[in-house]
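K.L.:
Sequence first, predicted coordinates after that:
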Amino acid sequence: MSRSAVPGWAALRGYRREWLRPDLLAALSLWAVLVPQAFAYAQLAGLPAASGLYTALGAMVGYAFFGGTRLLNVGPESSVAIVVAGALVVVPGSAHPALAAQLALLIAVFLVIGYTARAGVLMRLLSTPVLTGYLAGSGVVIVISQLGKVVGVNAGGGNLAKAAAVLRDLTDLNVWALGCAVLTAVAVLSIDRWAGRLPGPLITLAVATLVVALAGLDDRLEVLGPAQGGLPVPSLPWAGLADPLGATVGLVGPALSIALLVYASSVLTARAMVTEEGGDVDAQQEFLGLAAANAAAGLLGGFPANGSSSRSALL
């Protein structure tokens, strides 16, 4: 493979020592946002919390070497987490992590096929308003999906069913859960408004965790509990599945649709980032970068990764 296909390697070889300090500060700010998001999006996908960190680690390393946009952060992302949850909803819970990792590898395969077929020309059909509508719709879905947790009401099924269950069972509202959610949101927004340089999400998460632990509120609030995991070891997710071939066939359709979603949204996000600097996005190179990100995430036991507009804005 030519060096031009691995832009991250060329950038690493030309790295300057004076860049280290600002890069470390940027990494700390990104880490402060990424950690709570990784936990939240893993749960949104119906997976163990540690899966979010595995996804972040693999995706960022893979994209750093093969991605063509230095301002794009790739990792766990809300809209893809929702689609992954829908794709795996018919699978028993114990099999979800392995199948989610397999889904990420299949997405990587489709993205490599797109690179080989030079399908980057399709990006001419997409525009920023498409991304805006997509992000707005994802935001609505995320809010509805989390309503039950915000008010402390058990709500299952699809998003409309969850909203109906919350409205129907408002008499069972948990004021502790609602108060915690409102205060947390106010804290994050306040820090962003008056102390934007501080890692608001991380500070809020740390303070809320300490308050719950020290005040003994774990009997009034639903808590995450111990996060099972450890250092990820690269492995193929097909191992241990009773019917690996059947699982692969069942995930081909969802993998193709998610690959299209990941590519389109990531390139549009990257384009929005680099346009402010007067640059442009190599749509072909993004196929390789996103393929490497998803392949690495899958091998580490994560789930499909996507470009994040909120974290990319921090860079």
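P.N.:
Alright, I've got the coordinates.
K.L.:
got the contact list for Gly152?
P.N.:
For Gly152, the contact set (C-beta atoms under 8 Å, 6 or more residues apart in numbering) comprises 172-174, 176-178, 221-222. From N, CA and C alone the C-beta is placed, and that goes for glycine too.
K.L.:
need those in a markdown table with distance to Ala38, can you?
P.N.:
Below are the contacts of Gly152 laid out as a markdown table (distance: C-beta to C-beta, whole Å):
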| residue | distance to Ala38 |
| --- | --- |
| Asp172 | 30 |
| Leu173 | 29 |
| Asn174 | 26 |
| Trp176 | 25 |
| Ala177 | 22 |
| Leu178 | 25 |
| Leu221 | 21 |
| Glu222 | 19 |
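K.L.:
Filter those residues down to the buried ones.
P.N.:
Neighbour counting with 16 or more other C-beta atoms under 10 Å marks 174, 177, 221 as buried within the contacts of Gly152.
K.L.:
Least confident of those?
P.N.:
Among the buried ones among the contacts of Gly152, Leu221 has the lowest pLDDT, at 80.
K.L.:
can you tell me which two in the contacts of Gly152 are farthest apart?
P.N.:
Asp172 and Leu221 (14.6 Å; C-beta to C-beta).
K.L.:
in the stretch 201-315 of the chain, which spans are helices?
P.N.:
244-275, 283-299, 309-314 (DSSP state H, counting those that start in this stretch).
K.L.:
so what's Met273 up against?
P.N.:
Per C-beta under 8 Å, 6+ apart, neighbours of Met273: 69, 71-72, 312-313, 315.
K.L.:
Repeat the analysis, applying 10 Å as the threshold.
P.N.:
When the contact criterion is C-beta atoms under 10 Å, 6 or more residues apart in numbering, the partners of Met273 are 69-73, 279, 281, 307, 309, 312-313, 315.
K.L.:
Which single one of these is nearest to Gly8?
P.N.:
Lowest distance from Gly8 to the contacts of Met273 (C-beta to C-beta) belongs to Arg70, with 8.9 Å.
K.L.:
Which strand or helix spans that closest one?
P.N.:
If you go by DSSP states H and E, Arg70 is not part of any helix or strand.
K.L.:
so what pLDDT did it get?
P.N.:
Arg70 carries a pLDDT value of 83.
K.L.:
what does Leu290 give?
P.N.:
Reading off the model, Leu290 has pLDDT 96.
K.L.:
Spatially central residue for the protein, please.
P.N.:
Within the chain, the residue whose C-alpha comes closest to the C-alpha centroid is Pro76; the distance, by C-alpha atoms, centre = their mean, is 1.6 Å.
K.L.:
Give me the ChimeraX select line for the contacts of Met273, limited to the buried ones.
P.N.:
With 16+ other C-beta under 10 Å as the criterion, this ChimeraX line picks the buried residues out of these:
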select :69,71,72,73,281,307,309,312
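K.L.:
Rebuild the contacts of Met273 as CSV, extending it with distance to Pro201.
P.N.:
Output for the contacts of Met273, formatted as CSV (distance: C-beta to C-beta, whole Å):
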residue, distance to Pro201
Thr69, 24
Arg70, 23
Leu71, 20
Leu72, 20
Asn73, 15
Gly279, 28
Val281, 28
Gly307, 19
Ser309, 15
Ser312, 15
Ala313, 13
Leu315, 16
